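Visitor: Just a sequence and a predicted model for now, questions to come.
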Amino acid sequence: MEAATGLTVPDLFARDGEAAFRAAEANVLTAACRDESPAVISVAGGAVLNADNRRLIAASGTVVWLRARPETLAARVGDGAGRPLLGNDPAEAMARLFEERAPYYAEVADAVIDVEGLTLEAVADRVMAAAGIEARSGAAPHHAGPTTTTMTTPPAGAPPTSAPA
């Protein structure tokens, strides 16, 4: 997002508003989902608010919702610096955003992983299993199939990113 706009998320929000952010977000998401390379795309929490984005996400491969309680997410973002939608009360904002967005996450998710208490390795194993990816003993996972899209609940204002699968 920053590479596409030349601005940080807070700067884009401050300069052009949420509508401009959402338009840029949709463009970045579209480019990531249309890339033919196997990838994991981490979708920003608010991207699902747009029906076109939901259709794109659902059609792009296996969609995994990494679900966490709003209070867990609030603890992870701390004071919410760099996340314009969290305002002065990240815990309240996370609870509100979760209520608003959870039905959309459920709509597009092929699998839901409740991440509370899981290690990063356990989450990764469950994402791989949901996507039908098997790790070879002692080697990196091998996958030549479609994109896997993951959604975390709700990283408000965070841009979508992608990384090789």
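Guide: Yep, it's here.
Visitor: Please count neighbours and contacts with C-alpha atoms only from this point.
Guide: Fine.
Visitor: Downstream of the longest helix anywhere in the chain, the next helix or strand is which one?
Guide: Scanning the chain for the longest helix, with DSSP state H as the assignment, gives helix 9-34. Toward the C-terminus, helix 9-34 is succeeded by strand 39-43 as the next helix or strand (DSSP states H and E).
Visitor: Now do the contacts for Thr5.
Guide: By C-alpha atoms under 8 Å, 6 or more residues apart in numbering, the residues touching Thr5 are 12, 24.
Visitor: returning to that earlier point: determine the set of other helices and strands touching the longest helix of the chain.
Guide: Packed against helix 9-34 by the contact rule (3 or more C-alpha pairs under 8 Å, 6 or more residues apart in numbering; DSSP states H and E) you find helix 2-5, strand 39-43, helix 51-59.
Visitor: for the second one, packing partners?
Guide: With contacts defined as 3+ C-alpha pairs under 8 Å, 6+ apart, the packing partners of strand 39-43 are helix 9-34, strand 147-152, strand 161-164.
Visitor: returning to that earlier point: buried set for the longest helix of the chain?
Guide: 9-10, 12-13, 18, 21-22, 24-26, 28-30, 32-33 (16 or more other C-alpha atoms under 10 Å).
Visitor: one step back: with mean pLDDT added, can I get the helices and strands packed on helix 9-34 in JSON lines?
Guide: Formatted as JSON lines, these follow (pLDDT from 0 to 100):
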{"stretch": "helix 2-5", "mean pLDDT": "88"}
{"stretch": "strand 39-43", "mean pLDDT": "89"}
{"stretch": "helix 51-59", "mean pLDDT": "95"}
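Visitor: closest one to Tyr104 among the ones you listed?
Guide: Closest to Tyr104 of the helices and strands packed on helix 9-34, according to C-alpha to C-alpha: helix 51-59, at 7.7 Å.
Visitor: now the helices and strands packed on strand 39-43 in CSV, with mean pLDDT and distance to Ser60?
Guide: Listed next are those as CSV, based on pLDDT from 0 to 100; distance: least, C-alpha to C-alpha, whole Å:
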stretch, mean pLDDT, distance to Ser60
helix 9-34, 91, 6
strand 147-152, 52, 6
strand 161-164, 35, 13
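Visitor: would you turn these into CSV with distance to Ala44?
Guide: Putting those into CSV (distance: least, C-alpha to C-alpha, whole Å) gives the following:
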stretch, distance to Ala44
helix 9-34, 8
strand 147-152, 7
strand 161-164, 8
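Visitor: All good on my end, thank you.
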